[in-house]
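Engineer: No letters, just coordinates:
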DNA sequence: CGCGATTTGTTCAGCGGTTGAATTAAATGG
DNA sequence: CCATTTAATTCAACCGCTGAACAAATCGCG
């Protein structure tokens, strides 16, 4: 089935039934295997979780039978005693399909349970003149290629996530993607009849989400485990932010969080198309930077604009350097406000900002240290995204497999 | 024991052991009783939670034996069949003690399990010239009075929460409370030897927290049940914010979230004592409003300042009205940025802002509708705090009993 | 007033899943 | 080669939920 469905909440409000015991412990053990830095043994898991070795063995048997976990042959050498058999996430079980539609490219990637990117296809094309239906048809073609590659590897695609640069409503409806020219595009409807993933209980076949959200998830999963709080800023023509608080993506009351581009940085400043004045986007958005750098940016594909600016700045062009410094300062003012409010320890620059990070980070850091009250106590890290400019597709694919790790029963209960 | 302890996390990382089943279901059932708008029956709870009637009966028996739940005599009349016996939270079981130290008053209050404020004592006094040790000694006296009143009612104080206007670190250490003149004050240490509450497993005897955080919790519990996301802005000499996301208080990576007073609203504007420039506090803080209204505010007690401004504005004084309009606009600029980022549906004005809400709300709403991208889709409510200016103590006391509702085993396992 | 219908609450055997101890497995070291 | 050590499995016991049967309490209707 190829359709976006609302993730069924725990329905009966968290009541714990007999069977939930196993369900919860499967998740606990699997998460621990995923989070460990070296393959843990059953005994180690028992010690770590507080469960009995007997219980852990039973749970692990279920996980191995369901192809979620495998035994690592090279047991880690240690002192005396029977050697432990290390447990790792299976690399040949379920995998996630990550998709992205952006202004000047389509992308599809496959990520397996271990988080490894197994395939990554990018097709460059200016999609602004293309109708949503055509764009999605091309995307489906690319997705089919990725799927074929995954199947050749013996992987089972358990779900897909599509990143779009815009506001996404319930049911995969893209309310507004200004730079793509989309408005009220019903993605699941346009993709109907193109089954690309298996049906797995608890994993929606297709989730559509904002690119900034999925890119933030990608950063979260790529980094160390454990609850962390950071802001992932994606600079394209608009500026979006994915907000990760205590290790979970915060989506907002209605799912429309992250509109950092319209934080006022000069309340009486330049008018913005949103109706406000002095929004960050008018000072640190791609169009503003290009204009300040004296480049005729309107016609440039969005992606190459960032590369172009990075080239000029790398060559020492003073106009470009000044433009980036000003943009970084504006960004820093907005980010300082956010950090003051949310007490974050890290700010990640992604999307178009990733290649520009060498020139944007210094002014951002400067504004933060000037304006953030607690910066003296504990410093705030500002760094480029580790996944680079195209982390949204990878983040989406990873979020699919993460959902299986967080609730393995759905996968185990499927009819294989 | 009278000492602040770190809330012991679920230690073994969420592993579900045999006994956890009961532990979790006790919480599920109790939460449902607390959230219901009319006393539910055992059968109704079974239907709502998905548990069996047998299980619910067993769980409810435990709760009644532990004095957390009582049977409401007037059974709600309905059609045929054996009449149900309604279940309500017990009004004579555990209670929470809420304390507050502020610039010009001390407060103590007692809240029972149903959320009813049973006692509320306020002692006005300028505490700026008083040493932390003396201030806390006076507070302990007030707390002892409140405790005596609670004991007369047959209540058991299961924990205490202290609200302070400043940054609070681990272990109840007040790092900095500028308007009180406190710096690195070890509250639990200074209150040692004054046992005020019973020791209950899982409920720390004393939590020290920022007043804005506790006030936000008070607002959360006073409102309808269910996950909600809002910002609670407390305007005193400084400006603090409590952030509630999806029904839970967000404290930040290090517990220092909510510094909304230092969000930049005029990046090149007035210098601030934090080292930055153009912070919100310099435009909408109490000192800024008083100065703009032409009042010699430095000497006024903080609390009366707000009343004074409200009187003048109510009388139509044009200078005061202009000062409040300007402050409201600055506040609106900052809040609009926050709402854009976090997608909140409600903004609550509390503390010193509560009596000024009639004049502050309109400009705040105006800035939000101008600057918030999604305001057209779904409106943002701006309203004064329902608990008024002193919601922090009530919020703290309520948070104590809420913790029992969320994890009743701790209370039930005590040695009575 | 009496009896069936209906809904609530309790009792009890059954069972899934964890527990804890005993047992087996597989290595090291003297 | 055997004692020691640690890992993993087996199995009876037990905790707490399940489902169905049963008792309790009220209304409706004749």
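Structural biologist: That came in fine, so what should we check first? Not measured: the values here are computed from a predicted model.
Engineer: ok, now how distant is residue A:48 from residue A:85?
Structural biologist: From residue A:48 over to residue A:85 the distance is 16 Å, taken as CB to CB, to the nearest Å. Yep, even glycine has a C-beta here, placed from its N, CA and C like the rest.
Engineer: With residue A:403 instead?
Structural biologist: Distance, residue A:403 to residue A:85, using CB to CB: 27 Å.
Engineer: So for the two, which sits in the more crowded spot?
Structural biologist: residue A:403 (23 against 15; other CB atoms under 10 Å in any protein chain shown).
Engineer: looking at this, the more buried one is in a strand?
Structural biologist: No. Going by DSSP: H, G, I helix; E, B strand; the rest coil, the assignment for residue A:403 is helix, not a strand.
Engineer: isn't it right next to residue A:200, touching?
Structural biologist: No. If you go by CB atoms under 8 Å, residue A:403 and residue A:200 don't touch, sitting 9.3 Å apart.
Engineer: Which neighbours do the two have in common?
Structural biologist: Shared contacts of residue A:403 and residue A:200, defined by CB atoms under 8 Å, 6 or more residues apart in numbering or on different chains, comprise residue A:159.
Engineer: show me what contacts the residue of the stretch 151-300 of chain A found nearest chain B?
Structural biologist: Residue nearest to chain B within the stretch 151-300 of chain A: residue A:252 (2.7 Å; CB to the nearest CB). If you count contacts by CB under 8 Å, 6+ apart, residue A:252 has them with A:258, B:229, B:342-344.
Engineer: want to try a markdown table for the residues you listed, with secondary structure, pLDDT and distance to residue A:52 as columns?
Structural biologist: Below are the contacts of residue A:252 laid out as a markdown table (DSSP: H, G, I helix; E, B strand; the rest coil; pLDDT from 0 to 100; distance: CB to CB, whole Å):
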| residue | secondary structure | pLDDT | distance to residue A:52 |
| --- | --- | --- | --- |
| A:258 | coil | 94 | 44 |
| B:229 | coil | 94 | 40 |
| B:342 | helix | 97 | 43 |
| B:343 | coil | 95 | 44 |
| B:344 | coil | 95 | 45 |
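Engineer: Now rank those by neighbours and give me the top one.
Structural biologist: Within the contacts of residue A:252, most neighbours by other CB under 10 Å means residue A:258, with 28 neighbours.
Engineer: got the contact list for it?
Structural biologist: Contacts of residue A:258 by CB under 8 Å, 6+ apart are A:210, A:212-213, A:240-243, A:252, B:341, B:343.
Engineer: Can you flag which of those belong to helices?
Structural biologist: Within the contacts of residue A:258, residues falling in helices by DSSP state H are A:212-213, B:341.
Engineer: For residue B:165, state which of the residues you listed is nearest.
Structural biologist: residue B:341 (25.1 Å; CB to CB).
Engineer: measure the closest one to chain A for me?
Structural biologist: 6 Å (CB to the nearest CB, to the nearest Å).
Engineer: Could you give the backbone dihedrals for the spatially closest residue to that residue that is not a sequence neighbour?
Structural biologist: The shortest distance from residue B:341 to any non-neighbouring residue, by CB to CB, 6 or more residues apart in numbering or on different chains, is to residue A:260 (5.6 Å). With angles defined as degrees, to the nearest 10, residue A:260 sits at phi -70, psi -20.
Engineer: unless I'm mixing things up, residue A:260 is touching residue A:235, no?
Structural biologist: No. Applying CB under 8 Å as the test, residue A:260 and residue A:235 come out as separate, 9.8 Å apart.
Engineer: Look at residue A:195 and give its secondary structure.
Structural biologist: Once three-state DSSP is applied, residue A:195 turns out coil.
Engineer: Any chance of the backbone angles for it?
Structural biologist: Dihedral angles for residue A:195 - degrees, to the nearest 10 - are phi -70, psi 120.
Engineer: neighbours of it, just the number please.
Structural biologist: If we define neighbours as other CB under 10 Å, then residue A:195 has 13 of them.
Engineer: repeat for residue A:361
Structural biologist: Close neighbours of residue A:361, defined as other CB under 10 Å, add up to 20.
Engineer: and it, backbone torsions?
Structural biologist: phi -60, psi -50.
Engineer: Report the contact partners of it.
Structural biologist: A:328, A:349, A:382-384 are the contacts of residue A:361 under CB under 8 Å, 6+ apart.
Engineer: And the residue nearest to residue B:341, how close does it get to residue A:175?
Structural biologist: Taking CB to CB, one finds residue A:260 at 18 Å from residue A:175.
Engineer: Which one's more surrounded, these two?
Structural biologist: Ranked by neighbour count (other CB under 10 Å), residue A:260 and residue A:175 place residue A:260 first, with 29 against 16.
Engineer: which residues touch the helix or strand of chain A with the lowest mean pLDDT?
Structural biologist: Using mean pLDDT, DSSP states H and E, the weakest-scoring helix or strand in chain A turns out to be helix A:302-314, at a mean of 84. When contacts are defined by CB under 8 Å, 6+ apart, helix A:302-314 is touched by residues A:102-105, A:124, A:179, A:235-237, A:286, A:289-290, A:293, A:295, A:297, A:300, A:320-321, A:323-324, A:352-356, A:358-359, A:389.
Engineer: Tell me the secondary structure at whichever residue of chain A sits closest to DNA strand D.
Structural biologist: When scored by CB to the nearest atom of the strand, chain A has residue A:81 as its residue closest to DNA strand D, at 2.1 Å. Secondary structure, three-state DSSP: residue A:81 is coil.
Engineer: And it, how far from residue A:41?
Structural biologist: With CB to CB as the criterion, residue A:81 and residue A:41 are 11 Å apart.
Engineer: who has more neighbours, those two?
Structural biologist: residue A:41 (22 against 7).
Engineer: And the residue of chain A closest to DNA strand D, what's its pLDDT?
Structural biologist: Listed pLDDT for residue A:81 reads 76.
Engineer: What parts of the stretch 101-250 of chain A come near chain B?
Structural biologist: Counting by CB under 8 Å from any CB of the partner chain, the residues of the stretch 101-250 of chain A close to chain B are A:167, A:175, A:228-229, A:241, A:243, A:245-246, A:250.
Engineer: was I right about residue A:324 contacting residue A:357?
Structural biologist: No. Using CB under 8 Å, residue A:324 and residue A:357 do not qualify as a contacting pair, with a distance of 10.2 Å.
Engineer: so where do the strands sit in the stretch 101-250 of chain A?
Structural biologist: Along the stretch 101-250 of chain A, counting by DSSP state E, counting those that start in this stretch, strands occupy A:105-112, A:117-124, A:156-164, A:167-168, A:173-177, A:182-186, A:206-210, A:230-235, A:239-245, A:248-250.
Engineer: Export those as TSV, with columns for mean pLDDT.
Structural biologist: Formatted as TSV, these follow (pLDDT from 0 to 100):
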stretch	mean pLDDT
strand A:105-112	95
strand A:117-124	95
strand A:156-164	95
strand A:167-168	90
strand A:173-177	91
strand A:182-186	94
strand A:206-210	94
strand A:230-235	94
strand A:239-245	96
strand A:248-250	95
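Engineer: Could you look over those and pick the most buried one?
Structural biologist: strand A:230-235 (a mean of 28; mean count of other CB atoms under 10 Å in any protein chain shown).
Engineer: Can you name the residues in contact with that strand?
Structural biologist: By CB under 8 Å, 6+ apart, strand A:230-235 touches A:211-212, A:215-216, A:219-220, A:239-244, A:260, A:284-286, A:306, A:331, A:335, A:338-339, A:342, A:344-353, A:356, A:385, A:392.
Engineer: and those residues, which are buried?
Structural biologist: Among the contacts of strand A:230-235, those buried by neighbour count (16 or more other CB atoms under 10 Å in any protein chain shown) are A:211-212, A:215-216, A:219-220, A:239-244, A:260, A:284-286, A:306, A:331, A:335, A:338-339, A:342, A:344, A:346-353, A:356, A:385, A:392.
Engineer: circling back: quick one: which of the contacts of residue A:258 is nearest residue A:118?
Structural biologist: For the contacts of residue A:258, the nearest to residue A:118 is residue A:213 (22.8 Å; CB to CB).
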